[in-house]
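# Take a look and give me a structure for this.
(4 chains)
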Number of protein chains: 2
Amino acid sequence: MRDLARAVNLQGGSLYAHIESKEEVLFELVNRAADEFLNHAEAIPANLSPKEHLERLIQGHLEVIVRSLDHATVFFHEWKFLNPELQRKITARRDAYEGHFRKVIEAGVRLGEFEVEDVRLATLFVLSALNWTYHWYRPGGPLTLESLSRHYRDLVFKTLGVRSNRSTSRANGA
Amino acid sequence: MRDLARAVNLQGGSLYAHIESKEEVLFELVNRAADEFLNHAEAIPANLSPKEHLERLIQGHLEVIVRSLDHATVFFHEWKFLNPELQRKITARRDAYEGHFRKVIEAGVRLGEFEVEDVRLATLFVLSALNWTYHWYRPGGPLTLESLSRHYRDLVFKTLGVRSNRSTSRANGA
DNA sequence: AGGTGTCAAACAATCGTTCGTTTGAAGAGG
DNA sequence: CCTCTTCAAACGAACGATTGTTTGACACCT
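As a prediction, the model looks like this:
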């Protein structure tokens, strides 16, 4: 808390003129990170095909992680240190977010765009691959967000058994 | 430290007759978790096909995570709190472990078993999907390790563009 | 006797938080 | 223009608890 205070040019105790407790601040942090993910997902138009929709979900997800590495890290980990009631609020939002992915994959399977044995496991698999990005991606490196998004979109599509659209994956055949 | 002491029926300070410091204990924990992963990987026979080899790697990886959730959690996170020198020892072993996956994927691409644009990114993608398992898998639930391994193996194979072996993934087509 | 392991106590540092006081700017009344 | 009051914001010291670790005395085993 004293570190936080110093960051806004305050004495440790002075923070408590503005906040209730350390936990309240943590919740605010985690919850706003949840906002970032959910806002991206909810801003996607509803009339897209599952493939297009999922591509946007992937882009948004990676964008949030890459552009706000710290927020993503807090979102993925620190909610465990909230009290049970606040934890429930966060996990509810996380489940809602996962729902966006699951539903679009379900729709894709229904329309024959995807071919997947177990939608729940496939959703988990895909989201896992995306989430872990915060462990290794460092902005300013050689890999741009756009390049990462394209590669990961292709990998996800393969994972979900997309058949057509060989345009991008037929490059090197040596 | 007092909690650790109580777990072995000792007083807090008595621990220091056996250990150097808290950091030493943490390193031991993280390093032994690294052992678990590496031992599994190194026990795989060298004469397998890339597909078989990768399947064993996936099985071993998930087995370590599922059977020692706590160890895996510590391995994935707590190494960051070691001093730089000890951190290097851990990341070196992690890189070696990732190398097992990368090399087998490389070999698979070379032999035409896999079809992948960027081996590095594909390796990262696959390992990410596997690693995240510790976030949600809970032993004793409806999903057995064996079932998880099979599903994830199929998903990884699709991700890596495996063409043949439709035996397991042609079950439900309604 | 001589280690070895354990205890209880204490250590300095740090934690989140509280509290009484001071500060400084804004508004009211003359 | 000056005073007086008000009030939120900040200070700085202190709180009780907890942190990792050290110390010296005591007991046990060879």
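# contacts and neighbour counts: CA atoms only from here.
Fine.
# Which residues of chain A lie near DNA strand D?
A:9-15, A:17-18 (Cα under 7 Å from any atom of the strand).
# If burial is judged by neighbour count, which of these pass?
With burial judged by 16 or more other Cα atoms under 10 Å in any protein chain shown, the buried subset of those is A:L15.
# Filter the residues of chain A next to DNA strand D down to just the ones in strands.
Among those, no member is found in strands (DSSP state E).
# show me the contacts for the residue in chain A positioned nearest to DNA strand C.
Per Cα to the nearest atom of the strand, A:G13 is where chain A lies closest to DNA strand C, at 3.2 Å. Contact analysis of A:G13 by Cα atoms under 8 Å, 6 or more residues apart in numbering or on different chains lists A:R2.
# Quick one: neighbours of the nearest residue to A:L69 once chain neighbours are set aside, just the number.
Spatially, and ignoring its direct neighbours in sequence, A:L69 is nearest to A:Y134 (6.2 Å; Cα to Cα, 6 or more residues apart in numbering or on different chains). For A:Y134, the neighbour count with other Cα atoms under 10 Å in any protein chain shown is 19.
# so what's A:Y134 up against?
By Cα under 8 Å, 6+ apart, the contact list for A:Y134 reads A:65-66, A:69, A:72-73.
# want to try JSON lines for the residues you listed, with pLDDT, secondary structure and neighbour count as columns?
Putting those into JSON lines (pLDDT from 0 to 100; DSSP: H, G, I helix; E, B strand; the rest coil; neighbours: other Cα atoms under 10 Å in any protein chain shown) gives the following:
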{"residue": "A:I65", "pLDDT": "98", "secondary structure": "helix", "neighbour count": "24"}
{"residue": "A:V66", "pLDDT": "97", "secondary structure": "helix", "neighbour count": "20"}
{"residue": "A:L69", "pLDDT": "97", "secondary structure": "helix", "neighbour count": "19"}
{"residue": "A:A72", "pLDDT": "97", "secondary structure": "helix", "neighbour count": "23"}
{"residue": "A:T73", "pLDDT": "96", "secondary structure": "helix", "neighbour count": "17"}
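# how about those residues, which pair is most distant?
Pairwise distances across those (Cα to Cα) peak at 10.6 Å, for the pair A:V66 and A:T73.
# re the thing from before, check which helix or strand covers the residue nearest to A:L69.
helix A:133-136 (DSSP states H and E).
# For A:H61, grab phi and psi.
A:H61 adopts backbone torsions of phi -60, psi -50, taken as degrees, to the nearest 10.
# from memory it sits against A:S128, does it?
No - A:H61 is beyond contact range of A:S128, at 11.5 Å (criterion: Cα atoms under 8 Å).
# Need the residue closest to the centroid of chain A.
A:H61 (3.9 Å; Cα atoms, centre = their mean).
# Distance of that residue relative to chain B?
15 Å (Cα to the nearest Cα, to the nearest Å).
# Next: A:P142.
In this view, A:P142 and chain B are 13 Å apart by Cα to the nearest Cα.
# secondary structure class for that residue?
coil (DSSP: H, G, I helix; E, B strand; the rest coil).
# ok, now A:F114?
coil.
# which helices and strands does the helix ranked longest in chain A pack with?
The longest helix of chain A (DSSP state H) is helix A:84-110. If you count contacts as 3 or more Cα pairs under 8 Å, 6 or more residues apart in numbering or on different chains; DSSP states H and E, helix A:84-110 packs onto helix A:22-42, helix A:50-67, helix A:119-131.
# want to try CSV for these, with distance to B:F157 as columns?
Converted to CSV, these look like this (distance: least, Cα to Cα, whole Å):
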stretch, distance to B:F157
helix A:22-42, 28
helix A:50-67, 20
helix A:119-131, 13
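# I'd like to know which of these is closest to B:F81.
Per Cα to Cα, nearest to B:F81 of the helices and strands packed on helix A:84-110: helix A:22-42, 20.4 Å.
# Enumerate the positions of that closest one that are buried.
A:26-27, A:29-31, A:33-34, A:36-38, A:40-41.
# Which member of those residues is positioned nearest B:D154?
Within the buried residues of helix A:22-42, proximity to B:D154 (Cα to Cα) peaks at A:A41, which comes in at 27.8 Å.
# what's the closest non-adjacent residue to that closest one?
A:L57 (6.0 Å).
# what about A:S128, distance to A:A46?
Distance of A:S128 to A:A46, computed by Cα to Cα, to the nearest Å: 24 Å.
# hmm, I was thinking of A:A34
A:A34 sits 21 Å away from A:A46, going by Cα to Cα.
# for A:V162, same thing?
Distance, A:V162 to A:A46, using Cα to Cα: 21 Å.
# Which one's more surrounded, those two?
A:V162 (21 against 9).
# Once you drop chain neighbours, what's closest to the more buried one?
A:F114 (5.2 Å).
# mind listing what A:A34 touches?
A:A34 touches A:75, A:90, A:93-94, counting by Cα under 8 Å, 6+ apart.
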